[in-house]
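[1] only the shape, not the letters, is given here:
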């Protein structure tokens, strides 16, 4: 567990603006997810659609979406003990990011979760985005994130 | 040996072209050339072809998922990917990889190698058009989206779907909007038709 958290930190240190410029964003997202779940017995699925629009997002959006995803995956691993995680990013006139896991529910009151969530909320605020959380005991958690795309 | 082939591609013009090409070869029998994964799966089930020719970059058909289904249900059937893109990452599930710009001779050679000699034929050119990355966890529709499509077709409303799946109505509505966007449909009739075509629901 602590290994993957260390991995996450390494990745985040690597993520300079250059990093964002040198690789397609969809590839970066796939790599992030791959690193986080490496050697973990957690099934994942990733849907990024449409790829061209995801890769054409302004850098400020890319960086924030990357960090938000990183933060929520960390939650799924650290606190929820999930065995399945789904990442769904769709760009229409708005940006929707849905992250689901089947772990234990997301306790928004614990301190660790609180900090992670606050980070996500701060990043969303800078993009006028919203966060909606569905969490039912033993039926996993859905993070439903919406960002205007203009 | 008569090689029985099923071809799945999202471009009718390509299907017509490749059928015309194969019609000159007496040892190749095209059982079906279709834009419908659903139809392809039915024919594959009924007539066990030797080879499936398909593409991986069909935006909404998701050739990758199609290949995964084939490998699981019919591991003996060979799979050839004919793609517009160069430099595919190694992908264990397929037996042959060729570019759509390939010559007829090479295509026929590849089919013989793969079907009759049990060999792999993976052609990667230096001539880089676009890198295409394949991850085996990559999907077009998520499991949740498919679940919701099925429920919408069974005429469950938003509240009922929310209750069934233990998610909020707000999230169901987000999924619904995304599903309609991904499948390029605007009503339930269109959604139902597309879902059958893609094999998400069966009769």
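    Received the coordinates, thanks. These numbers were taken from a predicted model, which means no experiment stands behind them.
[2] from chain A, which residue is nearest to chain B?
    residue A:139 (4.0 Å; Cβ to the nearest Cβ). (Each C-beta comes from the backbone N, C-alpha and C, glycine too.)
[3] list the buried ones in stretch B:24-41?
    Applying a neighbour-count criterion of 16 or more other Cβ atoms under 10 Å in any protein chain shown, the buried positions in stretch B:24-41 are B:28, B:30-41.
[4] and the helix or strand bottoming out on mean pLDDT in chain B, how far out from the chain's middle?
    Across the helices and strands of chain B, mean confidence by mean pLDDT, DSSP states H and E is lowest for helix B:63-73: a mean of 81. When distances are taken as Cα atoms, centre = their mean, to the nearest Å, helix B:63-73 is centred 8 Å away from the chain's centroid.
[5] repeat that for stretch B:41-52.
    That offset, for stretch B:41-52, works out to 13 Å (Cα atoms, centre = their mean).
[6] cool, and stretch A:41-54?
    Using Cα atoms, centre = their mean, the offset of stretch A:41-54 from its chain centre is 11 Å.
[7] residues contacting it, please?
    A:25-26, A:29-30, A:33, A:37, A:77, A:82-91, B:59, B:135, B:137-143, B:145, B:182 (Cβ atoms under 8 Å, 6 or more residues apart in numbering or on different chains).
[8] and for stretch A:59-71?
    A:8, A:11-12, A:15, A:17, A:20-21, A:25, A:28-29, A:32-33, A:36, A:57, A:87, A:89, A:95, A:97, A:99, A:116, A:119-120, A:123-124, A:126-127, A:145, A:147, A:149.
[9] what residues does the residue in chain B that chain A sits nearest to make contact with?
    Minimum separation of chain B from chain A (Cβ to the nearest Cβ) falls at residue B:166, amounting to 4.0 Å. By Cβ under 8 Å, 6+ apart, residue B:166 lies in contact with A:134, A:136, A:139-140.
[10] now the longest helix along chain A, how far from the centre of its chain.
    Across chain A, the helix with the greatest residue count (assigned by DSSP state H) is helix A:59-78. Here helix A:59-78 is found 4 Å from its chain centre; the criterion is Cα atoms, centre = their mean.
[11] got phi/psi on residue B:117?
    phi -100, psi 0 (degrees, to the nearest 10).
[12] with residue B:137 instead?
    Dihedral angles (degrees, to the nearest 10) for residue B:137: phi -100, psi 10.
[13] identify the residues contacting it.
    A:33, A:43-46.
[14] for the residue nearest to the spatial centre of chain B, which non-adjacent residue is spatially closest?
    Note on chain B: the residue nearest the mean C-alpha position is residue B:63, at 3.1 Å, using Cα atoms, centre = their mean. Leaving aside its sequence neighbours, residue B:63 sits nearest to residue B:56 (Cβ to Cβ, 6 or more residues apart in numbering or on different chains; 4.0 Å).
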